[in-house]
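Enquirer: following is a predicted model, sequence given first.
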Amino acid sequence: MIRRSVREWDYIPIEEPGPGSFSRAAADRIVECAAAVRSAGLDGERILVNHPKKLRAQQVVGVIAADDVTLEILPKIDGDESDAAARRSLVHMLAAVFDLDIVEGGLTDLGWQRDDLLEILIRLFCDRLFEALHRGLPRRYVPHENDLAALRGRLDVKRQFTVLAASPQRLACRFDELSADTPLNQIMKAAVTKLAKVARAPENQRRLAELSFAFADIAAVPAKALPWDQVVIDRTNRSWAQLLSLAKLLLGERFQTTSSGDARGFSLLFEMNKLFEEFVGRSLARALVGTGFEVRLQGPRGYALADLQTGQNRFATKPDITIASRGAPLLVIDTKWKRLKGAIDDPKYGVGQADVYQMMAYAHVYQCERLLLLYPHHAGLGSEAAGLTCVHQINGTSDSRIAVGTLSLSNPKAAIGQLRDLLSVDELGFHPTRSVAA
């Protein structure tokens, strides 16, 4: 089994001697699997660039597995951290986005150093599923219609006197039966079945084989036909809510890209710009609980121009994150999964001119005086700590400000506190967190 790890935007050499290279045949299998990804607007070239002597990862992280070769692409978090630390940070980001309550003590025995991201997520799923199954499979009453010799439930009068009019010995019955063959369990079985085909770690393979027996009597539903909208989470099965979130992650029901394909390939990939945006948005929502402020991702929708002749709006705008009060935007945030430069290298910190123009358009369209460009922090910024980097006033306005800030992801669990501190900085002139209890 060939297994390689690489950071986003970095290279893996091909046909070069050494533990970090690929053979041409192995590289071709990985490229073929990446090329099969079509969902979420991705294509193979946005995942990997195939040069004659090397593969270059793009701004997509996760795992691509094909035949006996696996490529793991990890994010560049704070620069010089180990692969194990990058995996841990990425898992905590995913936990925040998918509302997973991960207890740190339960992660200590995971193979952060020896296993890749996919094997770690499979292990988490297996652990949670075993815990839930110790309390038994969730069941619910499922409606049935059947023609029986004796009445069960209630009589279907219409069917009895039409279809069964010539067969009075049969009764058209409608009844509810307590069953474990529910939409929730069908999704769990689909996840176990899929993961059993792609797990490489012997311990994961063993645990998935055991779990498959627990779901032996549950109907096998194709992944594309899984009844996600029929799942009901209530007081009887609330403990399965996080398992459902994990299944959504592993079966590709969210913004990340999965490629089902055939048995030859599997991918679980995340566009880091989207993951960073949603992580920040979810963390902000938790940071502002109890303040009365609203956090909205991808909105509200607005328009930059209106046609003078027709009055029709043109050039839609949709900020990454908006903090509002009673529907009025007070702070517009755009997240950028890019590496800022230090002040010594560039007094503008590497902020793009187009990004500044975009924020100025938001200020006008949403009549909002406070705007923030938020980037991931990294060790290359030197002694500068995560937080507010600089604040600029928009010329020609009374007090409209565009701020640039960074968020450290080396410990994603601390993001809520970082964001509270960032929003409370006097230079930004925006203090939504003052009413937050310490």
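Expert: Perfect, thanks for sending it.

Enquirer: and the strands in the stretch 51-200 of the chain?
Expert: 54-57, 60-66, 69-74, 140-148, 154-155, 171-179 (DSSP state E, counting those that start in this stretch).

Enquirer: can you add mean pLDDT and distance to residue 350 and give these back as TSV?
Expert: For the C-beta atoms, the positions are set from N, CA and C on the backbone; glycine is no exception. Shown next, in TSV, are these (pLDDT from 0 to 100; distance: least, Cβ to Cβ, whole Å):
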stretch	mean pLDDT	distance to residue 350
strand 54-57	89	21
strand 60-66	87	21
strand 69-74	89	22
strand 140-148	87	55
strand 154-155	92	71
strand 171-179	89	58
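
Enquirer: out of the ones you listed, the one nearest residue 99 is which?
Expert: Comparing the strands of the stretch 51-200 of the chain against residue 99 with Cβ to Cβ, the closest turns out to be strand 60-66 (19.6 Å).

Enquirer: could you export the strands of the stretch 51-200 of the chain as TSV, including mean neighbour count?
Expert: Converted to TSV, those look like this (neighbours: other Cβ atoms under 10 Å):
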stretch	mean neighbour count
strand 54-57	19
strand 60-66	25
strand 69-74	25
strand 140-148	13
strand 154-155	12
strand 171-179	15
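
Enquirer: quick check: residue 222 vs residue 216, distance?
Expert: Computed as Cβ to Cβ, to the nearest Å, the residue 222 to residue 216 distance reads 18 Å.

Enquirer: what of residue 208?
Expert: Per Cβ to Cβ, residue 208 is found 13 Å from residue 216.

Enquirer: residues of stretch 276-295 that come out buried?
Expert: Buried positions in stretch 276-295, judged by neighbour count with 16 or more other Cβ atoms under 10 Å: 276-285, 287-288, 291, 293-295.

Enquirer: just give me how far it sits from the chain centre.
Expert: Taking the mean of its C-alpha atoms, stretch 276-295 sits 16 Å from the chain's own mean (Cα atoms, centre = their mean, to the nearest Å).

Enquirer: residues near residue 321, how many?
Expert: For residue 321, the neighbour count with other Cβ atoms under 10 Å is 22.

Enquirer: what is the neighbour count of the residue nearest to it when sequence neighbours are not counted?
Expert: Sequence neighbours aside, residue 333 is the residue nearest to residue 321 in space, at 4.1 Å (criterion: Cβ to Cβ, 6 or more residues apart in numbering). Counted with other Cβ under 10 Å, residues neighbouring residue 333 total 26.

Enquirer: what ranges do the strands span in the stretch 251-400 of the chain?
Expert: 257-259, 265-271, 294-297, 302-306, 313-317, 321-325, 328-335, 370-376, 387-393.

Enquirer: if we can go back for a sec, looking at residue 208 and residue 216, which one has more neighbours?
Expert: Each of residue 208 and residue 216 has its neighbours counted (other Cβ under 10 Å); residue 208 has more, 23 against 7.

Enquirer: count residues in the vicinity of residue 393, would you?
Expert: Residues lying near residue 393 (other Cβ under 10 Å) number 12.

Enquirer: quick check: bridge partners of it?
Expert: Beta bridges link residue 393 to residue 401, judged by DSSP bridges.

Enquirer: so it sits against residue 403, correct?
Expert: No - if you go by Cβ atoms under 8 Å, residue 393 and residue 403 don't touch, sitting 10.3 Å apart.

Enquirer: tell me where the protein has helices.
Expert: Secondary structure of the chain by DSSP state H: the helices cover 24-35, 44-47, 83-97, 117-133, 157-160, 183-198, 202-214, 241-251, 272-287, 353-365, 415-423.

Enquirer: give me the contacts around stretch 234-248.
Expert: Applying Cβ atoms under 8 Å, 6 or more residues apart in numbering, the external contacts of stretch 234-248 come out as 98-101, 121, 124-125, 128-129, 132, 135, 138, 140, 184, 187-188, 190-191, 228, 231, 233, 253-254.

Enquirer: quick check: end-to-end length of that stretch?
Expert: Across stretch 234-248, the terminal residues are separated by 18 Å (Cα to Cα, to the nearest Å).

Enquirer: now for the residue lying closest to residue 86 once chain neighbours are set aside: which residues touch it?
Expert: What sits nearest to residue 86 in space, not counting adjacent residues and going by Cβ to Cβ, 6+ apart, is residue 74, at 4.4 Å. Counting by Cβ under 8 Å, 6+ apart, residue 74 touches 5, 6, 7, 8, 61, 83, 86, 87, 90, 117.

Enquirer: what residues of stretch 119-135 count as buried?
Expert: So for stretch 119-135, counting by 16+ other Cβ under 10 Å, buried means 119, 120, 121, 122, 123, 124, 125, 126, 128, 129, 132, 133.

Enquirer: out of those residues, which is nearest to residue 196?
Expert: Closest approach to residue 196 among the buried residues of stretch 119-135 (Cβ to Cβ): residue 122, at 9.4 Å.

Enquirer: how far out from the middle of the chain is stretch 371-378?
Expert: With Cα atoms, centre = their mean, you get 20 Å for stretch 371-378.

Enquirer: got a list of contacts for that stretch?
Expert: Applying Cβ under 8 Å, 6+ apart, the contact partners of stretch 371-378 are 76-79, 276, 280, 331-340, 351, 355, 359, 362-363, 385-386, 400-409, 428.

Enquirer: now the buried members of the residues you listed.
Expert: Buried subset of those (neighbour count, 16+ other Cβ under 10 Å): 76-78, 276, 280, 331-340, 351, 359, 362-363, 386, 400-409, 428.

Enquirer: rewinding a little: which of the buried residues of stretch 276-295 scores worst on pLDDT?
Expert: Lowest pLDDT of the buried residues of stretch 276-295: residue 291, 84.

Enquirer: mind checking how far that residue is from residue 127?
Expert: Distance from residue 291 to residue 127, by Cβ to Cβ: 35 Å.

Enquirer: ok, back up a step: between the helices of the chain, which one is closest to residue 303.
Expert: Closest of the helices of the chain to residue 303 is helix 353-365, at 7.1 Å (criterion: Cβ to Cβ).

Enquirer: next, the angle strand 328-335 makes with the closest one.
Expert: Counting by axes from the mean of the first three to the mean of the last three Cα atoms, to 10 degrees, helix 353-365 points 170 degrees away from the direction of strand 328-335.

Enquirer: and helix 353-365, how far out from the chain's middle?
Expert: For helix 353-365 - counting by Cα atoms, centre = their mean - the centre lies 27 Å from the chain centre.
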